[in-house]
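Peer 1: Sequence first, then the predicted structure:
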Amino acid sequence: MTKLQFYVCLSAGLLMTVPASAQSSETTAARPAVPAWIQRGAKGSAQTAMAQLIGQWNVELSIYGTLGRSPDLPPIVTRDIRASRRWIADGQYLEETIEGSVDGMPYWRRGWLGYSNMDRRYEWVTVAPLVPMMFYQGKAGSGEKMPIEVTGSFTDQGVVSERTVGQTIGQRTVIRVDGPDRQVSELYFKLPNGKEQLAMRMVFTRAK
């Protein structure tokens with residue numbers, strides 16, 4: 001018997017003499033506890049609720065009183081829009097990419113939807129060409145319920161109208177799930193005079 005074979009046999013014999021319960025307790029003791037700050041940020045039922053938004057979608061997009069147009073005009077409606085929603089950051093956040101064309105012009109927007117466990121609210125950020133980055137937050141304590149409703153504001157560059165350039169415009173996004181294959185997202189602008197008007201509606205139909 002070589003020295004190597006001797007040590008292998010000796011180690012196996014020692015392990016056999018240690019009770020299984022002792023081995024288990026040693027393994028448990030060696031396993032580090034999950035820090036409290038990680039537990040407070042862990043995924044939960046909010047991500048379960050958001051999961052129904054994931055997938056590939058065909059979108060009917062209607063643009064109302066925005067892009068400098070009067071809200072009294074009929075909306076611009078297009079069905080040449082596609083949306084992709086996927087998980088990022090190990091399933092913590094939802095990333096939405098919308099692209100296609102509106103009135104003969106390219107259209108693209110990307111957004112990130114998440115949930116703050118500490119504030120118990122949804123949070124939503126979007127970026128698109130030629131317009132400011134948009135930030136939205138749900139009401140603190142509003143929880144994980146559907147529909148999702150988030151609000152924010154931006155300084156108008158004339159997207160609403162030339163009369164409101166440089167003024168603060170409130171905004172509200174509502175995301176409603178009508179079923180496994182149909183969802184609606186609506187964007188409202190709140191004008192300086194306190195009046196709220198529908199700016200955009202997107203009807204999502206799951207792509208087959």
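Peer 2: Ah, there it is.
Peer 1: pLDDT weak spots in this protein?
Peer 2: Counting by pLDDT under 70, the chain contains low-confidence ranges at 1-30, 66-71.
Peer 1: where along it do the helices fall?
Peer 2: Ranges of helices within the chain are 3-17, 20-30, 36-40, 45-50, based on DSSP state H.
Peer 1: if I look at T126, how far off is P35?
Peer 2: When distances are taken as C-beta to C-beta, to the nearest Å, T126 and P35 turn out to be 32 Å apart. (Glycine included, C-beta is placed from N, CA and C.)
Peer 1: More neighbours: which of these two?
Peer 2: For T126 against P35, the residue with the higher neighbour count under other C-beta atoms under 10 Å is T126, and the figures read 20 against 9.
Peer 1: Let me see the contact set for the more buried one.
Peer 2: Neighbour list for T126: R109, R110, G111, W112, M133, M134 [criterion: C-beta atoms under 8 Å, 6 or more residues apart in numbering].
Peer 1: From those, keep the buried residues only.
Peer 2: Among the contacts of T126, those that count as buried by neighbour count (16 or more other C-beta atoms under 10 Å) are R109, G111, M134.
Peer 1: could I get those as a markdown table with distance to I148?
Peer 2: Formatted as a markdown table, the entries for the buried ones among the contacts of T126 read as follows, by distance: C-beta to C-beta, whole Å:
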| residue | distance to I148 |
| --- | --- |
| R109 | 17 |
| G111 | 12 |
| M134 | 15 |
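Peer 1: Domain map for the protein?
Peer 2: Following automatic domain parsing, the chain resolves into domains at 3-31, 41-206.
Peer 1: Mean neighbour count, the ones you listed: which tops it?
Peer 2: Most buried of these by mean neighbour count (mean count of other C-beta atoms under 10 Å) is domain 41-206; its value is a mean of 15.
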